[in-house]
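1. I'd like to go over a predicted model; first the sequence, then the structure.
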Amino acid sequence: SLAISPLTDYVITGNDDGTIRLWNPDSGSTISLHGHTNTVTCLDVAVRGSTELLLSAGFDAHVGIWDVTKRKNSMPRLEHIFRAHEQEVLCLLSNPMNGTFCTGGNDKCIHVYSLGSATSTSFPRVAKLEGHAEPVTCLALDGNFLLSGGEDGVVCVWEMHSFMHLGSLSIHSAPV
């Protein structure tokens, strides 16, 4: 997996060994982050107040929340890691419009978590979206609408204020 952090100017990669690397494209230097126990499949960046967060997820079914804010004499650190799904997480997406992030995976569901009301021990799940018959493989936002693609060849459309399933488009004969 690959992400680019617009605030810290890192290129960020997830690896099969569970590590995450933050690359400085100017110097070529790297910082390795350790927290996952299996392949890191997806990464995204979110902002909470003045803190830039790296969100990571993978085959260990966990989501990692990393503080990657550039500060003098401070390294990126793992803020929290928690089990987000019963099975592998395949996709993750930050929603800056409502301070949440979404995860999708092999359990055929999308979980929506709040970044804004996090405590030191948890990130509350605010919704569980069910509508796919196979694993959820990708997520995209269009304004207030979440689009999810799955191995069932279906694209589901969700409204993100009420978390309502607005419809499904069976437009592919293979996984999305």
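-> Here it is on my side, so go on. Numbers count the residues shown, from 1 in each chain.

2. Who is the residue positioned nearest the centre of the chain paired with across the strands?
-> Centrality entry for the chain: nearest residue to the mean C-alpha point is residue 92, 2.6 Å, by C-alpha atoms, centre = their mean. On the basis of DSSP bridges, residue 92 is bridged to residue 103.

3. how near is residue 32 to residue 14?
-> 11 Å (C-beta to C-beta, to the nearest Å). No exception for glycine: its C-beta is placed from N, CA and C like everyone else's.

4. which neighbours do those two share?
-> By the contact definition C-beta atoms under 8 Å, 6 or more residues apart in numbering, residue 32 and residue 14 are jointly contacted by residue 20.

5. More neighbours: those two, which one.
-> A direct count of neighbours by other C-beta atoms under 10 Å for residue 32 and residue 14 places residue 14 higher, at 23 against 11.

6. ok, what's across the strand from the more buried one?
-> For residue 14, the beta-bridge partners are residue 20 (DSSP bridges).

7. close enough to count as contact, it and residue 42?
-> Yes. At 7.1 Å, residue 14 and residue 42 qualify as touching, with contact defined as C-beta atoms under 8 Å.

8. Residues that sit against both of the two, list them.
-> 1, 56, 58.

9. how long is stretch 27-40 end to end?
-> Taking C-alpha to C-alpha, to the nearest Å, stretch 27-40 runs 24 Å from one end to the other.

10. Likewise for stretch 130-142?
-> 19 Å.
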